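Asks: Take this sequence and fold it.
(one chain, ligands or ions: 1)
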Amino acid sequence: MRIKVLGASGSDLPGYHLSSFLLNNKILFDAGGITGSLSFRNQQKIEHIFITHAHLDHIRDIPFLADNLIVSGKGKSIKIYSIKEVLEDIKKHLLNHRLWPDFTVIPDVQNSILKLEMIQEENPILIDGYKITAYRMNHTVPSVGYLVEKDGQAFFYTGDTGPLKNSWKKLLDKKLNALIIEVSLPDKMKELAIKTGHLTAELLFEDLKFFKYKPEKIFITHIKPFYRKQIEKELKKFPDYRIKILQGVEIIKF
Ligand SMILES: Nc1ncnc2c1ncn2[C@@H]1O[C@@H]2COP(=O)(O)O[C@H]2[C@H]1O
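Replies: Predicted structure coming up:
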């Protein structure tokens, strides 16, 4: 599979972009950093957006993408998928005609630029041959990660999560070609990580012990850039895993 990483940073700073992962040009996971990373031509190719949770750093560019599409007259509908609580937060707090126009009813309900599609946890949906399943994560707000499977290949994207230990549920038995997982903070900030629903390197590897199969590749995302060097050092303590720290806008294949 091929993913264009549009953003993989845990903080917004010059040269960094917030979480957004584009699969096969059409299916986006999280929408923190679309419009500053992707050409307008390629923004028009997005058809589906899966949101892990409604924190701003994962949804911020939905409004700007919708605006680009409608004002350019290139408008077509984009479907935004997540669990009920996440979609409710987006509708109530973001696309509410106050913070931003509600593009789920503009230009009208039938032809709206954005369509909200509720999905159920652990109930897969099929898009272009990709089977996509949401699993509950451990964050401070309702949050899911997504398992994506096609032609015997599989990856899992966590969004934000604290430790899950053995509640990774059915994922513990999966053979993953790639795990895109967050490590936001260094080990010395373990307490804050747990309080705010995040991982450190040590917490990540404690959780990985519960997996039946080692993921073939582990891509680390959502690092808070102030701690990047420290986290890089801490991840080196686990040489048994093939780990790549995501840099920003790049293509990953597995
Ligand atoms: N109690 C806290 N102390 C310090 N930072 C916090 C606290 N709660 C939330 N945050 C920060 O707010 C951010 C919200 O988005 P994140 O979960 O990515 O990361 C969170 C932390 O960086």
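Asks: For the residue of the stretch 151-254 of the chain found nearest the ligand, the count of nearby residues, please.
Replies: Residue nearest to the ligand within the stretch 151-254 of the chain: Thr196 (4.5 Å; Cβ to the nearest ligand atom). (Each C-beta comes from the backbone N, C-alpha and C, glycine too.) For Thr196, the neighbour count with other Cβ atoms under 10 Å is 14.
Asks: what does the one 4 residues further on give?
Replies: Other residues near Thr200 number 27, with proximity taken as other Cβ under 10 Å.
Asks: out of everything not next to it in sequence, what's closest to the residue of the stretch 151-254 of the chain closest to the ligand?
Replies: Distance criterion Cβ to Cβ, 6 or more residues apart in numbering; nearest residue to Thr196, sequence neighbours excluded, is Thr140 at 6.1 Å.
Asks: if I've got this straight, that neighbour is in a strand?
Replies: No: counting by DSSP: H, G, I helix; E, B strand; the rest coil, Thr140 is not part of a strand but coil.
Asks: How about the contacts made by the residue of the stretch 151-254 of the chain closest to the ligand?
Replies: 140, 162, 184 (Cβ atoms under 8 Å, 6 or more residues apart in numbering).
Asks: Turn these into CSV, columns for neighbour count and pLDDT.
Replies: Putting these into CSV (neighbours: other Cβ atoms under 10 Å; pLDDT from 0 to 100) gives the following:
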residue, neighbour count, pLDDT
Thr140, 13, 98
Gly162, 22, 98
Ser184, 24, 98
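Asks: Could you save those as TSV and add columns showing distance to the ligand?
Replies: Shown next, in TSV, are the contacts of Thr196 (distance: Cβ to the nearest ligand atom, whole Å):
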residue	distance to the ligand
Thr140	7
Gly162	10
Ser184	6
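Asks: separation between the residue located most distally from the centre of the chain and the ligand?
Replies: The centre of the chain is farthest from one residue, Asp108, which by Cα atoms, centre = their mean lies 28.7 Å away. Distance from Asp108 to the ligand, counting by Cβ to the nearest ligand atom, to the nearest Å: 34 Å.
Asks: Ok, Lys92 next?
Replies: Distance from Lys92 to the ligand, by Cβ to the nearest ligand atom: 18 Å.
Asks: cool, Ile127 as well?
Replies: Distance from Ile127 to the ligand, counting by Cβ to the nearest ligand atom: 27 Å.
Asks: Per-residue pLDDT of that residue, please?
Replies: pLDDT recorded at Ile127 is 98.
Asks: before we move on, what about Glu47?
Replies: We note a pLDDT of 98 for Glu47 in this prediction.
Asks: so it makes contact with Leu22?
Replies: No: using Cβ atoms under 8 Å, Glu47 and Leu22 do not qualify as a contacting pair, with a distance of 11.0 Å.
Asks: Where does Ile181 fall, secondary structure wise?
Replies: Using DSSP states H and E, Ile181 falls within strand 178-182.
Asks: Repeat that for Ile231.
Replies: helix 228-235.
Asks: after that helix comes which helix or strand?
Replies: strand 243-245.
Asks: Can you give me the buried ones in that following strand?
Replies: Ile243 (16 or more other Cβ atoms under 10 Å).
Asks: tell me what it is packed against?
Replies: Counting contacts by 3 or more Cβ pairs under 8 Å, 6 or more residues apart in numbering; DSSP states H and E, strand 243-245 packs against strand 217-221, helix 228-235.
Asks: Buried deepest among the ones you listed, which one?
Replies: strand 217-221 (a mean of 22; mean count of other Cβ atoms under 10 Å).
Asks: partner strands of that strand, parallel or antiparallel?
Replies: strand 178-182 (parallel), strand 243-245 (parallel) (DSSP bridges).
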